[in-house]
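> predicted structure and sequence below. I'll ask about it afterward.
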Amino acid sequence: MRSVSFSVPSWFPAHDPQAPVRVHLTDQESAVFLWLATGASNAELAATLQLSVSTVKFHVLNIRNKLGGVSRLQVCLLAALAREGGRPDDDVPGTLSDGGAAAVPR
């Protein structure tokens, strides 16, 4: 299992902005999570990752549940922060463990 850890911005609902969120994702969930930052559809993700559309939907649902039942858009925003190292501006620090972001082209 890969651990994705980053600080959640203060505008993100349902989380204490001072507490880092640590989510444990499988390798496939991590790949789907990082590709969600591109805004790709389930079909596009399936083609890119060589998975079935139903498998992508399964992973997206698992990711959303592990993040506290957030929306797909919120997951996409968090994935974008994780891919960029969690620093869209100076007040949102963060990292992605295991160097997983390097495996995804920008």
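Arrived safely, thanks for sending.
> mind checking the longest helix of the protein?
Secondary structure of the chain per DSSP state H: the longest helix is helix 53-66.
> pLDDT weak spots in this structure?
The model of the chain has pLDDT under 70 over residues 1-21, 86-106.
> ok, which stretches of it are strands?
For the chain, the strands defined by DSSP state E occupy 2-6, 21-25.
> hang on, the earlier thing: can you list the residues that contact the longest helix of the chain?
Residues from elsewhere that reach helix 53-66 (C-beta atoms under 8 Å, 6 or more residues apart in numbering): 23-25, 28-29, 32-33, 36, 42-43, 45-46, 49, 51, 70-72, 75. (Each C-beta comes from the backbone N, C-alpha and C, glycine too.)
> so for that helix, what gets flagged as buried?
Residues 55, 56, 59, 60, 62, 63, 66 are the ones in helix 53-66 that count as buried (16 or more other C-beta atoms under 10 Å).
> any idea which of those residues is closest to residue 79?
Nearest to residue 79 among these is residue 63, at 8.7 Å by C-beta to C-beta.
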